[in-house]
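Undergrad: Here you go, sequence then predicted model.
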Amino acid sequence: MTVSLAPEPARSPSRELSVWPASARTAPHGDVTVAGVALTEIAERFGTPVYVLDEAEVRRRCRAYRAAFPDTDVLYAAKAFLCRAMAHWVREEGLGLDVCSAGELELAVTAGFPPERMVLHGNAKSPEDLRAALRLGVGRIVVDSTGEIARLAAQVPAGTRQKVLLRITPGIAAGSHAAVRTGTDDQKFGLSLADGTAQHAVARVLGQPRLELAGLHCHLGSQIDSVKPYLSAVRRLVGLLARIRRQHGVTLPELDLGGGHAVAYRPGERALDVAALAVRVRAELAASCAAADLPVPRLAVEPGRAIAAPAGVALYRVPSVKRGGDRTFVAVDGGMSDNPRPALYGVGYAPRLVGRRSGAAPVPVTVVGRHCEAGDVLAADVPLPGDIRAGDLVAVPVSGAYQVSMASGYNLVGRPPVVAVADGRARLLVRRESLTDLSSRDVGL
Ligand SMILES: *Cc1c(COP(=O)(O)O)cnc(C)c1O
């Protein structure tokens, strides 16, 4: 297969655009085009802040996963970013969907996504989440705690069975920040392998005639840039599969390894090598199963960010630049309400001036948002041209995941629109949140 996630040298003209969508090009007057559409034109037509999503980049990433992982269910993690168009693209590219709420589930189903290709997650699923999942016929429900088992079973209609996976905490530390490490025993997700909770939950599910234990699930964390933790997870989970067969005489047919595949947010950062992950995980799975004399279970993986993040670009206008002492603050017209990630995890971005050619040498600046918090910083100590000024446009690549989906109503500025670009055309996917939208929820006096 020739599909790869690496930018092709001939198509990525410069290192400065190396983390941008593969279609990004520099254009006259300091402009940048994505999928043939100038960012200045998008700012003009849709206003700022605005999120731009390269449809072909999303599809290319879906295809690369499918090519790297044959005979595997690739489930896009909807929480990274979901709208109806995204659900369409992902479905057309043959992926499944991993959802965490009745809301994500309903949106995808009303967009025509087949529920049997969906997996419902959540450490605290509400009765509504479970009702929606059972009513719509979601393919798998991932059980995250022992208490959930009887509650779920009681809601499954008589004469039917619901397939479930058990979320196992394998005790593996991976991921770039404590807030996104989910494979260890000191966080809220999953059933611990170390203290026997996982084994106990297996017995409980097997004792429920309306539940069908289809397999095991784990999710180690996010921004994992090496294959190794996944190989350890495979070994531990196959160990559990072997124990389950010994104790209960059942062979579980599925293994879902979660997501967490790292992407590069800045030039020079390391992305997880998805092709290497696929080859080594499949080899490890085959070897571990052979050693335990188990049939190889069907594999699933759940990339979220690696599909969506590099396809998105956030575009802001600069209302003010403040120079003082040894610091320059470049304020943009969005911030923590459309991108809370820097405040949550202290992550780094590589913003870029767009729409004006500057001859000024780059100087270190702090790009801040418009919100009423000193912590509303989008990018600290990043180079931008020394003559950056009010009225300029600043673009932030790798903005397609966990930004719009985490956007809040802070300061009632309204969440930004999402615009798709493809084949030289831009089209609105999600409109800007208006004051009317915001005030329509405010119904008391
Ligand atoms: C968040 C999450 C994912 C996706 O994580 P990424 O870092 O976006 O790849 C996959 N599976 C589960 C269970 C998750 O919670």
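TA: That came through fine. Here the structure is a predicted model, which means the values were calculated and not measured. Residues are numbered from 1 along each chain as shown.

Undergrad: Can you verify my assumption that residue 202 contacts residue 166?
TA: Yes. With contact defined as Cβ atoms under 8 Å, residue 202 counts as touching residue 166 (6.5 Å). The way it works is simple: take the backbone N, C-alpha and C, and place the C-beta from them, glycine included.

Undergrad: helices and strands around the longest helix along the chain, which ones?
TA: Determined from DSSP state H, the single longest helix within the chain is helix 228-248. Where contact means 3 or more Cβ pairs under 8 Å, 6 or more residues apart in numbering; DSSP states H and E, helix 228-248 is packed against strand 162-169, helix 197-206, strand 211-217, strand 254-256, helix 274-291.

Undergrad: I'd like to know which of those lies nearest to residue 237.
TA: Proximity to residue 237, assessed across these by Cβ to Cβ, is greatest for strand 211-217 (5.2 Å).

Undergrad: Run through the neighbouring helices and strands of that closest one.
TA: Using 3+ Cβ pairs under 8 Å, 6+ apart as the test, strand 211-217 ends up in contact with helix 147-155, strand 162-169, helix 197-206, helix 228-248, strand 254-256.

Undergrad: mind putting these in CSV, mean pLDDT, distance to residue 298 and mean neighbour count included?
TA: Listed next are the helices and strands packed on strand 211-217 as CSV, based on pLDDT from 0 to 100; distance: least, Cβ to Cβ, whole Å; neighbours: other Cβ atoms under 10 Å:
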stretch, mean pLDDT, distance to residue 298, mean neighbour count
helix 147-155, 96, 22, 16
strand 162-169, 97, 11, 24
helix 197-206, 97, 18, 19
helix 228-248, 97, 12, 19
strand 254-256, 98, 5, 25
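
Undergrad: re earlier: would you format the helices and strands packed on helix 228-248 as a markdown table with distance to residue 323 included?
TA: Formatted as a markdown table, the helices and strands packed on helix 228-248 follow (distance: least, Cβ to Cβ, whole Å):
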| stretch | distance to residue 323 |
| --- | --- |
| strand 162-169 | 49 |
| helix 197-206 | 56 |
| strand 211-217 | 51 |
| strand 254-256 | 51 |
| helix 274-291 | 43 |
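
Undergrad: what is in contact with residue 202 and residue 166 at once?
TA: Overlap of the contact sets of residue 202 and residue 166 (by Cβ atoms under 8 Å, 6 or more residues apart in numbering) consists of residue 213.

Undergrad: mind checking how far the closest residue to residue 305 other than its chain neighbours is from residue 58?
TA: Among residues not flanking residue 305 along the chain, residue 401 sits closest, at 4.1 Å (Cβ to Cβ, 6 or more residues apart in numbering). Between residue 401 and residue 58 the distance is 11 Å, computed by Cβ to Cβ, to the nearest Å.
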